[in-house]
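Asks: can't give you the sequence, but here's the structure:
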Ligand SMILES: C[S@@+](CC[C@H](N)C(=O)[O-])C[C@H]1O[C@@H](n2cnc3c(N)ncnc32)[C@H](O)[C@@H]1O
C-alpha cells in the first residue's frame, strides 16, 4: 500500500512531468498518457489497467466513488498524489477540471492468431482527427467489435482529445497499429469479408448479407481510402446520401457501418 503525497506547488517536478504528457513527443518518449475523470478511471479499473500515478483534488474525497478509487489505486501499488485545486486545474485539459486523473502506460495490442467467426473489427486508414478516433473507439466498444486497427500515419490514440472522446473505451478495446504493408498481410489471411466503406461503392451498405468475421475498412477524413488499401477489400459499400454533401463525417460513417454489420448480434 503506497503513502499519499500532498502537492500544492505548481512548479513541482511530478506535476510538470504529468502536464508535459499533453504533448505527443512526451507521450512517445515516456509511453504514458493521462486519463481524466471518475468514469474513465472506473473503466480502467474494470479492465485491469492500474495507473502509475493517481492524482486527486483536495475536495474530491467527499465522493465515496473517489475514495474507493484512491483505495484501489493505493492497494494496486500506484503512486497517489493529493493536490490543491490550483494544481489540479493546471493538470486538467478541461475548463471544469475533473476531481481525479490517472497516468497510465500506453498499451497496444497485436492481431489475435485466430479470429472468431462472429467477430467484427474496424480498420482506419490514416485517421487524422483525435475526436473522430475516440468516438470510433467508443462506438466500436458499444457495437461489440473485437478491436480497432490503425493503418499508416494516424493521429495518436493516447492524445487527450481521443481519450476524452473514448469515454473509457480506450481501456476496453484492443488497438492495433500497422503499416499498409502489414495490413495487406492481415487482409490476405482474413477469414471473412473485408468491406471497404467507400464513396465509389455501388452496393447499398444495408443491402448486403455480411460474412463473418467482418473487417470494416474506412478512409481518412481528407482524401479517403488510398487505392492500395481499397484494392484489398472483398466488397465496397456506400451509405446513401441525399443533399449536396459529398461524404459523411468519418465517425458517423463508421458508426453506421458497425451497427449495420452487427445488427443481428445486438439486442437491447
Ligand atoms: C470524410 S470521408 C472522406 C471523403 C473523401 N473525400 C473520399 O473521397 O473518400 C471519410 C471516410 O468515411 C467513409 N464515408 C463517408 N461517407 C461515406 C458514404 N456516404 N459512403 C461510404 N463511405 C463513406 C469512407 O470510408 C471515407 O473514406
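Replies: All right, it came through fine. Nothing here was measured: the structure is a model prediction, and the numbers come from that model.
Asks: measure residue 214 to residue 9 for me?
Replies: Taking CB to CB, to the nearest Å as the criterion, residue 214 is separated from residue 9 by 53 Å. To be clear about C-beta, it is placed using only N, CA and C from the backbone, and glycine gets the same treatment.
Asks: in terms of neighbours, single out the busier of these two.
Replies: Neighbour tally, residue 214 and residue 9, criterion other CB atoms under 10 Å: the higher count belongs to residue 214, 26 against 13.
Asks: not counting its neighbours along the chain, what's nearest that one?
Replies: Excluding the flanking residues, the one nearest residue 214 by CB to CB, 6 or more residues apart in numbering is residue 120, at 4.6 Å.
Asks: in this structure that neighbour contacts residue 216, no?
Replies: Yes: under the criterion of CB atoms under 8 Å, residue 120 is in contact with residue 216, at a separation of 6.9 Å.
Asks: backbone dihedrals for residue 231, both of them.
Replies: The main-chain torsion angles of residue 231 are listed as degrees, to the nearest 10 and equal phi -70, psi -20.
Asks: re earlier: what is in contact with residue 120 and residue 216 at once?
Replies: 258, 261 (CB atoms under 8 Å, 6 or more residues apart in numbering).
Asks: how close does the closest residue to the ligand within the stretch 51-200 of the chain sit to residue 180?
Replies: Among the residues of the stretch 51-200 of the chain, residue 197 lies nearest to the ligand; the distance is 3.9 Å by CB to the nearest ligand atom. Residue 197 sits 17 Å away from residue 180, going by CB to CB.
Asks: quick check: pLDDT value at residue 2.
Replies: As predicted, residue 2 sits at a pLDDT of 69.
Asks: swap in residue 161?
Replies: The pLDDT attached to residue 161 in the predicted structure is 96.
Asks: isn't it right next to residue 128, touching?
Replies: No: using CB under 8 Å as the test, residue 161 is too far from residue 128 to be in contact (11.9 Å).
Asks: how about the residues of the chain by the ligand?
Replies: In this structure, the chain approaches the ligand at residues 197-199, 201, 218-219, 221, 223-225, 238-239, 241, 247-248, 250, 253, judged by CB under 6 Å from any ligand atom.
Asks: those residues in helices, which ones?
Replies: Mapping those onto helices (DSSP state H) picks out 250, 253.
Asks: just the buried ones from the residues of the chain next to the ligand, in PyMOL syntax?
Replies: Listed next is the PyMOL selection for buried residues among the residues of the chain next to the ligand, using 16 or more other CB atoms under 10 Å:
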select buried, resi 197+198+201+218+219+221+224+225+238+239+250+253
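Asks: and residue 160, backbone torsions?
Replies: According to degrees, to the nearest 10, the main-chain angles of residue 160 amount to phi -50, psi -40.
Asks: and it, how many neighbours?
Replies: Residue 160 has 20 neighbours, counted by other CB under 10 Å.
Asks: show me the contacts for it.
Replies: Contact analysis of residue 160 by CB under 8 Å, 6+ apart lists 22, 34, 36, 93, 130.
Asks: the same query, at a cut-off of 10 Å, please.
Replies: Neighbouring residues of residue 160 by CB atoms under 10 Å, 6 or more residues apart in numbering: 21, 22, 27, 33, 34, 35, 36, 92, 93, 94, 130, 134.
Asks: now, those that are in strands?
Replies: Secondary structure from DSSP state E places 33, 34, 35, 36 of the contacts of residue 160 in strands.
Asks: looking at neighbours, which among the residues you listed is most surrounded?
Replies: residue 35 (25 neighbours).
Asks: ok, that one touching residue 171?
Replies: Yes: because the distance of 7.8 Å satisfies CB atoms under 10 Å, residue 35 is recorded as touching residue 171.
Asks: shared neighbours, the two?
Replies: Overlap between the neighbourhoods of residue 35 and residue 171 consists of 41, 43, 44, 49, 104, 163, taking contacts as CB under 10 Å, 6+ apart.
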